[in-house]
Every structure is written in C-alpha cells, then in structure tokens.
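Q: Predicted model follows, preceded by the sequence.
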Amino acid sequence: MSRIKKIFLNDYCILYLIIANAFLIFVQEFQLRGSILDYFEPIFTLLFIFEMIIKINEFGFSKYMSNSWNRLDFILVILSIPSLGAIFWNDNVFQLNIFLTLRVFRVFKFFRLIRFFPNAQILVKSVKRALKASYIIIASFFLLT
C-alpha cells in the first residue's frame with residue numbers, strides 16, 4: 001500500500017495521468033460512441049477519486065483544501081462522479097442526463113500543468129484577470145450547458 005500511496009502523492013505520476021486523461025477525452029470526440037475507449041473513462045475517474053482520498057488521508061481535509069489546485073481537483077472529481085453511472089446503466093438512458101456534460105470539465109485538471117512552467121504565477125494572475133473580465137460569458141456558458 002505504501003508504494004501505491006507514493007505513486008499517488010507524486011505530482012509527476014499524476015501529471016502523466018492527467019495528460020493521458022486529456023488525450024483520451026480529445027480522442028473520444030473523434031470516435032463513435034461504443035468504442036473500447038469508453039471503458040477507460042470510468043477508470044480515470046476512479047483513479048482521480050483514489051488520488052483525492054489518499055491526499056485527504058495524508059494531509060487532512062483542511063490542509064488539502066488550502067491548496068488551490070487541490071480545491072480545483074476536488075470540484076472536478078466531484079463533478080465527474082456521476083459519469084460512473086454509465087457503467088451501471090444503459091448508455092442510451094444515461095446520455096439524457098446532464099452529468100455527461102459535466103464530465104467535460106475534467107479537462108480543466110490539465111491546468112495543473114501550469115505549476116511546471118517557469119513564471120507560472122504571472123500566467124495564473126493573467127488568467128484570473130481574464131476570467132474576472134469575462135464572467136458574464138462564463139456564466140452564460142454554464143447556463144447554456
């Protein structure tokens with residue numbers, strides 16, 4: 001268990017997991033539904049849930065939530081949990097559900113890569129400023145979704 005714990009606490013291992021998940025989401029948009037790739041999506045969701053649980057157990061909930069990247073991960077993982085329902089229910093029934101749209105937000109986990117860029121703080125501040133300036137557009141996107 002200690003070895004698995006070290007893997008999930010290593011940011012580079014999670015980085016590779018995020019890249020693989022983003023690539024899967026990208027490729028799935030060009031594939032027809034019902035391909036073998038559809039079975040990997042719940043696996044990624046379960047791995048991210050496992051990562052979150054290990055980090056909360058290791059650091060404690062308040063320390064885990066004190067990191068803004070962990071808060072982003074927590075929100076995205078919670079939004080991804082309903083997509084696990086595709087495993088248990090017929091895909092035709094589940095496609096009518098709004099939760100399939102929410103799983104697209106897992107792509108935002110890719111933003112964790114920003115930490116590895118030089119001068120990342122400047123980039124983050126610029127993105128925050130841009131988001132504040134366009135909150136109406138973002139709110140209308142959520143409403144439309």
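A: Ah, there it is.
Q: Only the buried residues of the longest helix along the chain, if you could.
A: For the chain, the helix with the greatest residue count under DSSP state H is helix 40-59. Residues 41, 42, 44, 45, 48, 51, 52, 54, 55, 56 are the ones in helix 40-59 that count as buried (16 or more other CB atoms under 10 Å). Glycine gets a C-beta too; all of them are placed from N, C-alpha and C.
Q: now stretch 19-31
A: 21, 22, 24, 25.
Q: counting contacts, what elements does the longest helix of the chain pack onto?
A: helix 2-9, helix 11-28, helix 68-80, helix 85-88 (3 or more CB pairs under 8 Å, 6 or more residues apart in numbering; DSSP states H and E).
Q: if we can go back for a sec, export the buried residues of stretch 19-31 to CSV and tack on distance to residue 143 and pLDDT?
A: Formatted as CSV, these follow (distance: CB to CB, whole Å; pLDDT from 0 to 100):
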residue, distance to residue 143, pLDDT
21, 27, 80
22, 25, 76
24, 28, 79
25, 23, 73
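Q: ok, of these, which one's closest to residue 76?
A: Nearest to residue 76 among these, counting by CB to CB, is residue 21 at 10.5 Å.
Q: Just give the closest residue to that closest one, not the sequence neighbours.
A: residue 44 (4.5 Å; CB to CB, 6 or more residues apart in numbering).
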